[in-house]
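>>> could you look at this predicted model? Sequence included:
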Amino acid sequence: SGNSGGWHHFSTALPGLAYESSVRLRFRFASDASVVDEGFAIDDVRVWNRETAAFAINPTTHDFGRIELGSSSVLQQFEISNTDSGILYLDPANISIIGLNPDEFNLTNLSTPIALNSGESVSLSISFSPLTVGAKDATLSIAEGSVRESSGLRQGNSQATRNLHLIPLSGFGFELITMNVPYYEGLDDVASASLPAGWESSNPNWTVSDNSQAGGDIPELWFSFDPRHDGEVTLLSPLFDTGGLSQIDLTFKHRVHHLDNAFDLKLYTVVGAQYRLIDEWLNVDSDILSETISYQLTSANHGVGASNLRLAFVFSGDSYNITGWHLDDLILGGTSPVVLTQNASDITHYTATIHGQISSDGGLPITETGFFYGTQNDPASSGQQIISELSLPNFSVEIEDLALASTIYYVAYSDNPRGRSFGDVLSFQT
């Protein structure tokens, strides 16, 4: 049940079907209709006579772990042993890497066909060299070159049955990206079911989702209960260059949907291999409503000043105890913008053009500019709002339907992820 997170190889023995003249396989898909998704897909169905395996492979599966793009893992040896009484023939033509990502696993194969006597063994080696970010899966496929001599058949006999071993391989490719601060991640241009540039998690529970539970706009980062995982699952940010800084402000929105038993949530800074706690929510046994949280990170407590500082969001527990941990609008460093209100122009009896200027964006993207205006000297609270075209650093709008022979007060404003700033209040006479 749930989401498999990609293609998976599955095999099973069918002992009750031996010697049957006609056999059909039935693939049954059932749903409780609680989730709408792409459904159930199958491919590469194969039925074959396995017989008793003439050889053993060690290890029977291998996870290469997290490997940075552009590099390769250490070589992993796979030992093939003849566990039968006859001769085992192995041909490199029958040894290959197949599956979802075969090009990212490097096989050092046999150079020539060989024959192993009973008890003898030979080794192959494989390394993992990820080409793209994400979880990677493949399968080492090893087929016996011919049947054993003890079966009474010889190499090349058309009646031979090949024994096949399939060894699952996995790994995770990641890319270390260094970001400058101030940094803002609003996820506006990030595709669903992916992660922002430089962010990584070795577990598919963390992804971008078309939701807005944290309090920001769609989309947001989401830790999902599915697939089920019992233990720690970490989401890591890009590297941040905080060189020359002694403190920096961190702000983000989050919400937690509790489902069943308790779990823990933790937030760290990471410098190298050292994790430093920023905050933790222990034994969470109820929802945490949407909130905006701010922290001041320091060099003494959190490693600010390092050129390789990261953030780590960690879920700990059984993922089936949570519906989701939602994150959005993460800001590291930066300030509110500085905006100037400038003199009005083209003033007539009933119209005027008012002007503003951004003198500093605070190191963060400007999201809105505009004005408040009216006949009172506090236009930001009593006046009318008008949003200008987002043209930086200078912006202006024409205001109409003004009262004749009146004093019009106006003030420019600007927004960035840290908040809204106002210029001075100015006025003109119609």
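Nice, I can see it. Residues are numbered from 1 along each chain as shown.
>>> from here on, contacts and neighbour counts on C-alpha atoms
OK.
>>> and the closest residue to residue 81 other than its chain neighbours, how many neighbours?
The shortest distance from residue 81 to any non-neighbouring residue, by C-alpha to C-alpha, 6 or more residues apart in numbering, is to residue 121 (4.1 Å). Other residues near residue 121 number 17, with proximity taken as other C-alpha atoms under 10 Å.
>>> how about residue 121, what does it touch?
Contacts for residue 121 were tallied using C-alpha atoms under 8 Å, 6 or more residues apart in numbering; they are 79-82.
>>> from these, pick the one nearest residue 296.
Residue 296 has its nearest neighbour among these in residue 79, at 53.1 Å by C-alpha to C-alpha.
>>> list the contacts of the closest one.
Residue 79 sits next to 57-59, 121-124 when contact means C-alpha under 8 Å, 6+ apart.
>>> how near is it to residue 263?
Applying C-alpha to C-alpha, to the nearest Å, the value for residue 79 to residue 263 is 41 Å.
>>> swap in residue 381?
When C-alpha to C-alpha is the yardstick, residue 381 and residue 263 sit 44 Å from each other.
>>> which one's more surrounded, these two?
Neighbour count, other C-alpha under 10 Å: between residue 381 and residue 263, residue 263 has more, with 21 against 12.
>>> next, count neighbours for residue 228.
A count of nearby residues for residue 228, using other C-alpha under 10 Å, gives 16.
>>> what's the pLDDT at it?
In the predicted model, residue 228 carries a pLDDT score of 92.
>>> what's the closest of the contacts of residue 121 to residue 189?
Distance from residue 189 was checked for each of the contacts of residue 121 by C-alpha to C-alpha. The minimum falls on residue 79, at 46.6 Å.
>>> give me the nearest residue to the closest one, chain neighbours excluded.
Distances taken as C-alpha to C-alpha, 6+ apart put residue 123 closest to residue 79, at 4.3 Å, once the chain neighbours are dropped.
>>> what is the burial count for the one you found?
The local packing count at residue 123 equals 15, with neighbours defined by other C-alpha under 10 Å.
>>> check residue 221 too.
The number of residues packed around residue 221, counting by other C-alpha under 10 Å, is 31.
>>> and for the one 5 residues further on?
Each residue near residue 226 was counted by other C-alpha under 10 Å, and the total is 19.
>>> residue 314 now?
Residues near residue 314, counting by other C-alpha under 10 Å, number 18.
>>> output the below-cut-off pLDDT ranges for the stretch 151-300 of the chain.
Counting by pLDDT under 70, the low-confidence segments of the stretch 151-300 of the chain come to 151-162.
>>> where exactly do the strands run in it?
Under the criterion DSSP state E, counting those that start in this stretch, the stretch 151-300 of the chain contains strands at 164-174, 178-180, 183-185, 206-209, 220-224, 230-236, 239-241, 247-258, 263-271, 274-284, 288-298.
>>> okay if I get the contacts of residue 121 as TSV plus secondary structure?
Rendered in TSV, the data for the contacts of residue 121 read as follows (DSSP: H, G, I helix; E, B strand; the rest coil):
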residue	secondary structure
79	strand
80	strand
81	strand
82	strand
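>>> which of these sit farthest apart?
Distance extremes for those: the farthest pair is 79 and 82 at 10.0 Å, using C-alpha to C-alpha.
>>> on that earlier part again, got the phi/psi numbers for the residue nearest to residue 81?
Here is the backbone geometry of residue 121 (degrees, to the nearest 10): phi -150, psi 160.
>>> same check, this time on residue 218
According to degrees, to the nearest 10, residue 218 has phi -70, psi 140.
>>> tell me the buried residues in stretch 129-141?
Within stretch 129-141, the residues that qualify as buried are 129-131, 133-141, counting by 16 or more other C-alpha atoms under 10 Å.
>>> now the two most distant members of these.
The widest separation within those, taken as C-alpha to C-alpha, falls between 133 and 141 and amounts to 24.5 Å.
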